[in-house]
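> Sequence first, then the predicted structure:
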Amino acid sequence: EDPISAVELLRAGNERFTRGQVLAPHRNMERVKNLAGGQHPFAAFLSCADSRVPVEILFDQGFGDIFVVRVAGDGSNPPGGG
């Protein structure tokens, strides 16, 4: 995906989530099996480790669609910081 298409997919997924009309794409065992050979997420997130912020669900994405790195506290500070 190009960046504009990726942002549009995320925006549309978040809109579905906020309207309560989630599609839950790629959230099944067939998708998990298909990813055994590799993954190709179209977006990456640096997110809070808080369980109340499930990025995949907030953007209505499924297994392998996005790459999420979760950190706790100020774990994302540059080297030498906090």
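On my side now, so go ahead.
> What's the end-to-end length of stretch 55-63?
Across stretch 55-63, the terminal residues are separated by 12 Å (Cα to Cα, to the nearest Å).
> likewise stretch 21-32?
23 Å.
> who's in contact with it?
For stretch 21-32, the external contacting residues (Cβ atoms under 8 Å, 6 or more residues apart in numbering) are 16, 57, 60, 61, 62, 63, 64, 65. (Glycine included, C-beta is placed from N, CA and C.)
> my read is the fifth one is in a helix, agree?
This means residue 62. No: counting by DSSP: H, G, I helix; E, B strand; the rest coil, residue 62 falls outside a helix, being coil.
> Begin at 305 from now on, thanks
Noted, 305 is the first residue going forward, which turns the last one into residue 366.
> Same question for the closest residue to it other than its chain neighbours, what's its three-state structure.
Leaving aside its sequence neighbours, residue 366 sits nearest to residue 330 (Cβ to Cβ, 6 or more residues apart in numbering; 2.6 Å). When classified by three-state DSSP, residue 330 comes out as coil.
> Pull the number of nearby residues for residue 330.
For residue 330, the neighbour count with other Cβ atoms under 10 Å is 16.
> Equivalent analysis for residue 363, please.
So residue 363, with other Cβ under 10 Å, has 22 neighbours.
> shouldn't it be in contact with residue 370?
Yes: Residue 363 lies in contact with residue 370 (Cβ atoms under 8 Å); the separation is 6.9 Å.
> Common neighbours of those two, please.
residue 314.
> Present the contacts of stretch 325-336 as JSON lines; the columns should include distance to residue 341, neighbour count and pLDDT.
As requested, the contacts of stretch 325-336 are arranged in JSON lines below (distance: Cβ to Cβ, whole Å; neighbours: other Cβ atoms under 10 Å; pLDDT from 0 to 100):
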{"residue": "320", "distance to residue 341": "28", "neighbour count": "16", "pLDDT": "98"}
{"residue": "361", "distance to residue 341": "25", "neighbour count": "14", "pLDDT": "96"}
{"residue": "364", "distance to residue 341": "24", "neighbour count": "22", "pLDDT": "98"}
{"residue": "365", "distance to residue 341": "19", "neighbour count": "25", "pLDDT": "98"}
{"residue": "366", "distance to residue 341": "16", "neighbour count": "18", "pLDDT": "97"}
{"residue": "367", "distance to residue 341": "13", "neighbour count": "19", "pLDDT": "97"}
{"residue": "368", "distance to residue 341": "11", "neighbour count": "17", "pLDDT": "97"}
{"residue": "369", "distance to residue 341": "16", "neighbour count": "22", "pLDDT": "97"}
